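# sequence first, then the predicted structure:
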Amino acid sequence: MKKLEEVILSHGKVLGKDILKVDSFLNHQIKPKLIKEMGEEFAEHFKDKNINKILTVESSGIAPAVITGLVLDCDVVFARKQKSLTTDDNTFSSTCYSYTKEEMKRLIVSKDYLHENENVLLIDDFLANGQAAKAMVAICKQAGANVAGIGIVIEKSYQDGRKLLDDMGIDVYSLARISHMDGKEIEFID
Ligand code: G4P
Ligand code: NA
Ligand code: NA
């Protein structure tokens, strides 16, 4: 998505060599028109996949996921992040390690909102090491739901997540794919 690449170049800030700060349009302030274009782009890519549920993770995945759900006309569920590792009979859950935050977190989804045989599109804001995506896939598996694909706003292609998901045979569609970041420089894969 050309427009997104331009906004990343004009508004993104590279911290160290691994973190791209995009608080001005995605992770803190939200630019609705840009988010709308993201959702439309995901919906266009996955329109023939018979999607009937979207699953994302709170909080930054919610905005693009809601627009995608609006266009595809399906409900959107966001996995909640939980610090405590206690389980609950009425939830699907999966723990994952965040390399960025150096902590374990548990993602939980109520059994009321994810069902057997649903065709689920996963959406997230960043793909880094793929641990959040992997946890969402595990949750779908517990529910007996089918993962129809994954839509990512910004993929850092040089980290492990993309390969992990490709190896699982999942259709990954990323709106911007960063091949390299170094100080002020950001390079994209076409
Ligand atoms: P992974 O799922 O791909 O393994 O990533 P990781 O656990 O390392 O990511 C932890 C958090 O950091 C996630 O947000 C993820 O979206 C975000 N993240 C990863 N790399 C970057 C980056 O380069 N820039 C920014 N801005 N975020 C990054 P989160 O904790 O779930 O927070 P949020 O959804 O509430 O924003
Ligand atoms: Na995030
Ligand atoms: Na996220």
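Right, received. Where do you want to start? Ligands and ions are numbered 1, 2, ... in the order given.
# and residue 63, how many neighbours?
If you count neighbours by other Cβ atoms under 10 Å, residue 63 ends up with 23. Quick note: C-beta positions are derived from backbone N, CA and C, even for glycine.
# contacting residues for it?
Neighbouring residues of residue 63 by Cβ atoms under 8 Å, 6 or more residues apart in numbering: 26, 30, 35.
# also residue 25?
If you count contacts by Cβ under 8 Å, 6+ apart, residue 25 has them with 7, 11, 31, 34-35.
# quick check, nearest of the contacts of residue 63 to residue 84?
Nearest to residue 84 among the contacts of residue 63 is residue 26, at 28.0 Å by Cβ to Cβ.
# tell me the contacts of that closest one?
Contact analysis of residue 26 by Cβ under 8 Å, 6+ apart lists 35, 60, 63, 125, 153-154.
# quick one, phi/psi of residue 43?
Dihedral pair for residue 43: phi -60, psi -40, per degrees, to the nearest 10.
# just give me the neighbour total for residue 170.
Counted with other Cβ under 10 Å, residues neighbouring residue 170 total 15.
# spell out which residues of this protein are next to ligand 2.
Neighbours of ligand 2 within the chain, by Cβ under 5 Å from the ion: 60, 125.
# one more pass at 8 Å, please.
With Cβ under 8 Å from the ion as the criterion, the chain comes near ligand 2 at residues 26-27, 59-61, 124-126.
# quick check: residues of the chain near ligand 1?
Residues of the chain found near ligand 1 (Cβ under 6 Å from any ligand atom) are 19-22, 27, 57, 59-61, 98-101, 125-132, 156, 161.
# hey, where'd the helices end up in the chain?
Counting by DSSP state H, the segments of the chain that form helices are 2-11, 32-46, 62-72, 131-143, 161-167.
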